[in-house]
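**Q** Using only what follows, build the 3D model:
(2 chains)
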Protein chains: 2
Amino acid sequence: MAEPLRIALAGLGTVGAGVIRLIEANATLIARRAGRPIVIAAIGARDRTKDRGVDISAYAWEDDMTVMAAREDVDVVVELIGGADGPALALARNTIAQGKALVTANKAMIAHHGLELAEAAEAAKVALKFEAAVAGGIPVIKGLREGAAANEIERVYGILNGTCNYILSAMEDTGRDFAEVLAEAQAKGYAEADPAFDIEGTDAAHKLSILAAIAFGSRIDFAAVETAGIARILAADIAQADALGYVIRLIGIAETDGAEEDKSGNTPRLFQRVQPHLVPFDHPLAHVDGATNAVVAEGNYSGRLLFQGAGAGGGPTASAVVADLIDIARGDIGAPFSVPVAELEALAPANSGHRQGRAYIRLTVADRPGVLAEIAAAMRDAGVSIESLIQKGRAEAEGEVLLAIVTHEGPESAGTEALRLLEGSPSLTAPPLVMHILGD
Amino acid sequence: MAEPLRIALAGLGTVGAGVIRLIEANATLIARRAGRPIVIAAIGARDRTKDRGVDISAYAWEDDMTVMAAREDVDVVVELIGGADGPALALARNTIAQGKALVTANKAMIAHHGLELAEAAEAAKVALKFEAAVAGGIPVIKGLREGAAANEIERVYGILNGTCNYILSAMEDTGRDFAEVLAEAQAKGYAEADPAFDIEGTDAAHKLSILAAIAFGSRIDFAAVETAGIARILAADIAQADALGYVIRLIGIAETDGAEEDKSGNTPRLFQRVQPHLVPFDHPLAHVDGATNAVVAEGNYSGRLLFQGAGAGGGPTASAVVADLIDIARGDIGAPFSVPVAELEALAPANSGHRQGRAYIRLTVADRPGVLAEIAAAMRDAGVSIESLIQKGRAEAEGEVLLAIVTHEGPESAGTEALRLLEGSPSLTAPPLVMHILGD
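**A** Model (predicted):
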């Protein structure tokens, strides 16, 4: 059997401890499949003494993680520190500069610095792999980069944040409101003490921007992801959606506007959005509950491919990290984003107002005569065609009613215009909530 | 850009025509992702003049497909002839003997001769790839071989035959019986004129045996797959299952019995079965309708991974074929079954009688006093614990009733024993049907 692949592990949180456990438990089969053993040469983390539930006494410890890459007995650095910048980025740059491969689970770092790192890795002819950065244990980067490689991808979308999906599923099951369910999720460890990163959609947006780059051969453009979170969803929205045949899921979606490159300078534009959507009961994503993640890629030959599994957790994420290591042990270097960075296109963001679709608009309005007429007039004037409208009193807020409107297919700009017309109206007692309906 | 990868295409049915279309339509992006163009150097099929809806005049024609591999302008042969033996196998052997890579969609050939071909390919250091042989366009071979490579796989199972799933879904939707739905499926092109291969489970068993070899690192053992088809399922079974909270799906399932290799000579045994199963409504496979395929792999770290998509058809299958070609163009040779053939274990078949589980047993019995008592006694004597029993008259067969029994968790051997006790009883007017319930 060939020489072992020697790794250094930086960061020993849940995932780092999971990687140690996995490499120890599955050592024999990993060696068989990789063609050579994968061994841990060095580890490091902020705190050496913390109890991680795993015996680390056998491994060389590095207090200064950034020098790990310089060790002669290390072939690959596994970065599990986290954070877009700081020590994670320093270690990543240093590793590649030393001509060594990097495996990371760090979506924020890849979303912000992935192109720079990939360019450096390509120049150094070393692997840069980040399967664990998107959708935990699900091999979706590989699925897009290799499995669907023959296809022009028309759309990629999915459930990319387990915390949000756990909360939305629990709201669905219990009929309770967001704040209550969030508190419970925090108590159970399904949500962080500071949940902003998850519930505001930032984490899903990081992942979406990475998927989009691979799917469309475009430069990562995290800043262009239109992002909205789930904090404003009411139990009443979930009940309305259910009555109409939908569940609510935080969906990240990316697509190009279909324009062909032509002589008059037209180029395709890239649309990226993370937002709670209404998902029809008969769509596979409607059955994705709890902390599960799922990604759909629609290829022009493959049709709809669905990848589903655990989106987080030490075991699943470690599974993705070690899959990358096995690929490297097998000799796969490859372009991190499927094509070389120099060939990725800089796609301009698409104007979402040009999109066609159906939407759910929930208005919180004063319970008095004339309000409905005012709203109906605004919808008419903006050209929004209403498919259904449900008015519902709120027991918990006297004098206030909820209007849940589902629009017919139409330009998104019309809905935006209708809400602009209603802006500042004393009839609206709270800001409206718009959720798009996931189309076929 | 590097030299093109030159392929020969043998067999120009739906999939072959799909590969030509795909390679032409997506040429630019394929070249970008593969790092070099993929070009068709030669084609061949039984009949040169047949209209395939695709212009083949630009390609060199080979009447004798088996000599394709000898052409100096061919790097890879794509075998799409079909059939376990005959010209497909001759071409495959010849290609590898010439030191050239082989890509095939031929599940029968891989199930029967995959080990021989893989051994030859390993010796010749050429690629042998067959993503398209299992589950059409879904990259599930790659998902198991690479994406889940870090895991000990505990169980792999799924919906592997689109024709059966189409028929079962249609029976569900329409309440009609098997024969009627099959005839319609044939008229629509969803089932072959001779459907035996699909509806008897052979096709699914081919695919399952390939998946099992990769998942468990075991030698392919197609002959050991316990196989039952869907032809005996009645509309009444589907209605009963529905009332109990299940759908019926043809499921291929493979698992090891969990035994550890030890000094007393114990080795794990491999269980492989293709059979209609009752699938609980809340299981992801219960929502897989129509001709869709789906595969679940349960890894000891990844947890449950689901891969879903189109299981057949020219476009999706071509997508899988060309994904293999792109892998080859990128330089991936790798062991076809994840580990070298010499290291695959010859696992003995597990005795299904030792399995624990719940089952649905449908008996067609004479409508007269004492029959129920006889059956209940047989179940008691065999140690079968009954969870529920529904007796239902049959309008279409006077004097006959159906008994649908769902058992508690127990050894499969008990159910088999109960049916043995009832064998030859004049109370049974038709052979019983047993379907296992898919467990968590």
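**Q** only C-alpha atoms for contact and neighbour calcs from this point on.
**A** Will do.
**Q** Report back the residue of chain A that's furthest from centre.
**A** Taking CA atoms, centre = their mean as the measure, the residue most remote from the mean C-alpha position of chain A is residue A:369, 43.7 Å away.
**Q** What does the closest residue to residue A:404 other than its chain neighbours show for phi and psi?
**A** Once flanking residues are discounted, residue A:404 sits nearest to residue A:362: 4.5 Å by CA to CA, 6 or more residues apart in numbering or on different chains. Main-chain torsions, residue A:362, degrees, to the nearest 10: phi -110, psi 120.
**Q** next one: residue A:431
**A** The phi/psi pair for residue A:431 (degrees, to the nearest 10) is phi -60, psi 140.
**Q** How much space separates it from residue A:154?
**A** Residue A:431 is 34 Å from residue A:154, where distance means CA to CA, to the nearest Å.
**Q** And for residue A:102?
**A** Counting by CA to CA - residue A:102 and residue A:154 are separated by 30 Å.
**Q** Residue A:309 now?
**A** Distance, residue A:309 to residue A:154, by CA to CA: 23 Å.
**Q** more crowded one of those two?
**A** Counting neighbours by other CA atoms under 10 Å in any protein chain shown for residue A:309 and for residue A:154 shows that residue A:309 has the greater number, 26 against 18.
**Q** Touching, residue A:168 and residue A:249? I think so.
**A** Yes. With contact defined as CA atoms under 8 Å, residue A:168 counts as touching residue A:249 (6.7 Å).
**Q** buried set for the lengthiest helix in chain A?
**A** What stands out as the longest helix in chain A, according to DSSP state H, is helix A:107-124. By 16 or more other CA atoms under 10 Å in any protein chain shown, the buried positions in helix A:107-124 come out as A:107-115, A:117-122.
**Q** on that earlier part again, which pLDDT value belongs to the residue nearest to residue A:404?
**A** Each residue has a pLDDT score; the one for residue A:362 is 96.
**Q** need the contact list for it.
**A** With contacts taken as CA atoms under 8 Å, 6 or more residues apart in numbering or on different chains, residue A:362 has the following neighbours: A:237, A:402-405, A:432-434.
**Q** Pick out the most distant pair among those residues.
**A** Set against one another by CA to CA, these have their most distant pair in A:402 and A:434, with a gap of 13.2 Å.
**Q** can you tell me which helix or strand residue A:327 belongs to?
**A** When secondary structure is defined using DSSP states H and E, the element that contains residue A:327 is helix A:314-329.
**Q** Quick check: next helix or strand after that helix?
**A** Proceeding C-terminally, helix A:314-329 gives way to strand A:356-357 as the next helix or strand, assigned by DSSP H and E.
**Q** That next one pairs with which strands?
**A** Strand A:356-357 has the following sheet partners, assigned by DSSP bridges: strand A:410-411 (antiparallel).
**Q** Please list the outside residues in contact with the partner strand.
**A** Outside of strand A:410-411, the residues within contact range by CA under 8 Å, 6+ apart are A:353-358, A:384-385.
**Q** for stretch A:29-47, same thing?
**A** By CA under 8 Å, 6+ apart, the residues outside stretch A:29-47 that reach it are A:1-12, A:20, A:23, A:27-28, A:59-65, A:68, A:73-74, A:81, A:325-327, A:329-330, B:149-150, B:152, B:338-339.
**Q** Take the residues you listed and keep only those in helices.
**A** Going by DSSP H, the helices hold A:20, A:23, A:27-28, A:325-327, A:329 from these.
**Q** Reformat those as CSV; add distance to chain B.
**A** Conversion of these to CSV gives the following (distance: CA to the nearest CA, whole Å):
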residue, distance to chain B
A:20, 12
A:23, 8
A:27, 9
A:28, 10
A:325, 9
A:326, 7
A:327, 7
A:329, 11
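**Q** how about TSV for those, with pLDDT and neighbour count added?
**A** Written out in TSV, the entries for the ones in helices among the contacts of stretch A:29-47 read as follows (pLDDT from 0 to 100; neighbours: other CA atoms under 10 Å in any protein chain shown):
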residue	pLDDT	neighbour count
A:20	98	20
A:23	98	22
A:27	97	17
A:28	96	14
A:325	98	29
A:326	98	25
A:327	97	18
A:329	97	25
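**Q** Is residue A:70 in contact with residue A:98, as I believe?
**A** Yes. Assessed by CA under 8 Å, residue A:70 is found in contact with residue A:98 at 6.7 Å.
**Q** Check the secondary structure at the closest residue to residue A:422 other than its chain neighbours for me.
**A** Counting by CA to CA, 6+ apart, the nearest residue to residue A:422 once its immediate chain neighbours are dropped is residue A:378, at 6.7 Å. Under the three-state scheme (DSSP: H, G, I helix; E, B strand; the rest coil), residue A:378 adopts helix.
**Q** check contacts around residue A:378.
**A** Residues near residue A:378 by CA under 8 Å, 6+ apart: A:418-419, A:421-422.
**Q** mind listing which of those residues are in helices?
**A** When those are checked against helices using DSSP H, the ones located there are A:418-419, A:421-422.
**Q** which parts of the stretch 251-400 of chain A sit against chain B?
**A** In this structure, the stretch 251-400 of chain A approaches chain B at residues A:284, A:287, A:301-310, A:315-320, A:322-323, A:326-327, A:330, A:332, A:334, A:338-339, judged by CA under 8 Å from any CA of the partner chain.
**Q** thinking again about what came up before, which strands and helices sit next to the helix holding residue A:327?
**A** Of the remaining helices and strands, those touching helix A:314-329 by 3 or more CA pairs under 8 Å, 6 or more residues apart in numbering or on different chains; DSSP states H and E are helix A:14-25, helix A:27-34, strand A:38-44, strand A:101-104.
**Q** out of the ones you listed, deepest packed?
**A** For the helices and strands packed on helix A:314-329, the stretch with the most neighbours on average is strand A:101-104, a mean of 27; neighbours defined as mean count of other CA atoms under 10 Å in any protein chain shown.
**Q** chain center to that strand: distance?
**A** Using CA atoms, centre = their mean, to the nearest Å, we find the averaged C-alpha position of strand A:101-104 to lie 20 Å away from the chain's own average C-alpha position.
**Q** averaged over its residues, what pLDDT does it have?
**A** Over the span of strand A:101-104, the pLDDT mean works out to 98.
**Q** and of the helices and strands packed on helix A:314-329, who's closest to residue B:139?
**A** Closest approach to residue B:139 among the helices and strands packed on helix A:314-329 (CA to CA): helix A:27-34, 18.3 Å.
**Q** what separates that closest one from the chain centre, distance-wise?
**A** Per CA atoms, centre = their mean, the centroid offset for helix A:27-34 relative to its chain is 30 Å.
**Q** Also compute the angle for it relative to helix A:314-329, please.
**A** 40 degrees (axes from the mean of the first three to the mean of the last three CA atoms, to 10 degrees).
**Q** tell me the secondary structure for the closest residue to residue A:112 other than its chain neighbours?
**A** Sequence neighbours aside, residue A:84 is the residue nearest to residue A:112 in space, at 6.6 Å (criterion: CA to CA, 6+ apart). When the structure is split into helix, strand and coil by three-state DSSP, residue A:84 lands in coil.
**Q** Residue A:137 too?
**A** Judged by three-state DSSP, the three-state class of residue A:137 is coil.
**Q** what's the neighbour count on it?
**A** For residue A:137, the count of nearby residues is 33 (other CA under 10 Å).
**Q** What of residue A:440?
**A** Other residues lying near residue A:440 total 6 when counted by other CA under 10 Å.
**Q** Tell me how far it lies from residue A:354.
**A** Separation of residue A:440 from residue A:354 (CA to CA) stands at 18 Å.
**Q** which bits of the stretch 51-200 of chain A sit near chain B?
**A** Residues of the stretch 51-200 of chain A found near chain B (CA under 8 Å from any CA) are A:137-139, A:142-143, A:146-152.
**Q** possible to save the residues you listed as CSV with pLDDT and distance to residue A:216?
**A** Written out in CSV, the entries for these read as follows (pLDDT from 0 to 100; distance: CA to CA, whole Å):
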residue, pLDDT, distance to residue A:216
A:137, 96, 22
A:138, 98, 20
A:139, 98, 18
A:142, 98, 14
A:143, 98, 14
A:146, 97, 13
A:147, 97, 14
A:148, 98, 12
A:149, 97, 11
A:150, 98, 12
A:151, 98, 10
A:152, 97, 8
